[in-house]
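S.K.: Based on what follows, work out the 3D shape:
(one chain, ligands or ions: 1)
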Amino acid sequence: MSATETSLPGHPEFKFRGGELFAEEVRLDELAREHGTPLFVYSKAAMLAALAAYQRGFAGRRARICYAMKANPALAVLQVFVQAGCGFDIVSGGELERVLAAGGQGRDIIFSGVGKTRAEMRRALEVGIGCFNVESEAELEVLSEVASAAGRVAPVSIRVNPDVDPKTHPYISTGLKGNKFGIAHGQALSAYRRAATLPGLKVVGIDCHIGSQITDEAPYLNAMDRVLDLVESVEVAGIALPHIDFGGGLGIDYNGDRPPAADALWAKLLARLDARGFGDRQFLIEPGRSLVGNAGVCLTEVLYLKPGEQKNFCVIDAAMNDLPRPAMYQAFHGVVPLARRDTPPRTYDLVGPVCESGDWIARDRALAVEPGDLLAVLSAGAYCMSMASNYNSRGRAAEVLVDGSRAFLIRERETPADQMRSERLVP
Ligand code: LLP
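M.R.: Next comes the predicted model:
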């Protein structure tokens, strides 16, 4: 890196060069001028670098990385992962159709989620889905019925709730007893016995996912031990489990967070797997955030400055409908101005135009900004656009994918006509 180049923390492909912020070889202010704001910009190289860390961890193993596309389901993003040879973790029929539209195959997909409908099951069977991660005994019964009626055999894995605390935000913990996900550890063996007797089902593995934005390796190691205890008892009962799916959840650096590196984490987990005699199994994982989160930023323009008695507000053109994580989880996203000013910074709350006091994007940030300035909201590649809404009838933002010196508009800004397309006035 040259002396005038500085990377943004946690975002290796986003760099200041001579005072200008770049994504790979593309200037962000130029993208904002060309496409308007708010604008999501993703770096393909950053996604591939994050994927490479997992691939290093799995070198020489029978392993499959199934991108949890709920993090960012843009077709062009899926295409990057299709081309890189990934599978996909999906949770709805809509996600299924997106994978197919991006060039993925049914056999590359694992279908998770607590509420699969019969129609979703039928469609998944029709495209030859790789595996259903079943989350309740009731779902096993319905899947058996649907598969039998269709004359097909559904490959199933049971999602086990290992009751391990991932030490993350309560809304994104999924593997605790009080969560709706998975089948309780103590009931899993009987669920497997039931699955083995039901027509139309073939048991192919075991699955768990304990939460998201996990920054500590201990919960993973504990969950692995709990899952492997179960693999032992299920196999003693005569039911083979050729694959072990360990879910996703690895965190990213939002605000100085220090999650373990994917390669180091998997080296440890796989060593534990070997030590317990399960090194021969196919290993699956379902990472979402850690593949795309820090591969994206959201560009936004400062509309107004509103100095106040208690707070100074910086009103920007991105809002909670574009970036819902602060309002939903009090989440932190870094914010950097695209151009530096020499004026002294002031402390602002960054708020959007939506009519809710909860519409804030960042709090108490020291910034030297003026109306018309452009800002980059960081770590915006995961769970931003995928959770965006039309609240206040705001159109969803446009998205650009950068690849080296090329920038591709991968989603147009939504227009009022787009928003109203499926609606009807009554006669
Ligand atoms: N597999 C399953 C079954 C999941 O439920 C999830 C995420 C993943 C994989 C991917 O987890 P990741 O690697 O992305 O942590 N909207 C929240 C995150 C919700 C995560 C839900 N499940 C947020 O913005 O923080």
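S.K.: got a list of what residue 368 touches?
M.R.: 337, 340-346 (CB atoms under 8 Å, 6 or more residues apart in numbering). Every residue, glycine included, has its C-beta placed from N, CA and C.
S.K.: With distance to the ligand as added columns, please give these in TSV.
M.R.: Shown next, in TSV, are those (distance: CB to the nearest ligand atom, whole Å):
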residue	distance to the ligand
337	24
340	30
341	31
342	36
343	34
344	34
345	28
346	29
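S.K.: Most neighbours among those, which one is it?
M.R.: Of all these, the highest neighbour tally under other CB atoms under 10 Å goes to residue 337, namely 17 neighbours.
S.K.: Against residue 303, how distant is that one?
M.R.: Look at residue 337 and residue 303: by CB to CB, to the nearest Å, they are 14 Å apart.
S.K.: Per-residue pLDDT of residue 180, please?
M.R.: Reported pLDDT at residue 180 in the predicted model: 77.
S.K.: Let me fix that, I meant to ask about residue 175.
M.R.: Among the per-residue scores, residue 175 holds a pLDDT of 65.
S.K.: Helices of the stretch 301-427 of the chain, start to end?
M.R.: Using DSSP state H, counting those that start in this stretch, the helices assigned to the stretch 301-427 of the chain run over residues 325-329, 416-420.
S.K.: Pretty sure residue 166 sits in a strand.
M.R.: No: Residue 166 sits outside any strand when classified using DSSP: H, G, I helix; E, B strand; the rest coil, being coil.
S.K.: Would you confirm that it contacts residue 215?
M.R.: No: Residue 166 lies out of contact with residue 215 (CB atoms under 8 Å); the separation is 9.3 Å.
S.K.: more neighbours, the two?
M.R.: Using other CB under 10 Å, the more surrounded residue of residue 166 and residue 215 is residue 166, with 25 against 18.
S.K.: how about low-confidence regions in the protein?
M.R.: For the chain, the stretches with pLDDT under 70 are 1-3, 171-176.
S.K.: so where's the longest helix in it?
M.R.: Counting by DSSP state H, the longest helix found in the chain is helix 218-236.
S.K.: Any figure for the gap between residue 416 and the ligand?
M.R.: 27 Å (CB to the nearest ligand atom, to the nearest Å).
S.K.: Can you get me a residue count around the spatially closest residue to that residue that is not a sequence neighbour?
M.R.: Nearest residue to residue 416 in three dimensions, chain neighbours excluded: residue 395, at 6.8 Å (CB to CB, 6 or more residues apart in numbering). If you count neighbours by other CB under 10 Å, residue 395 ends up with 18.
S.K.: In this structure residue 395 contacts residue 411, no?
M.R.: No: counting by CB under 8 Å, residue 395 stays clear of residue 411, with 11.0 Å between them.
S.K.: Residues of the stretch 201-350 of the chain that sit close to the ligand?
M.R.: With CB under 6 Å from any ligand atom as the criterion, the stretch 201-350 of the chain meets the ligand at residues 209, 212-213, 247-250, 286-290, 325, 329.
S.K.: Cheers, nothing more for now.
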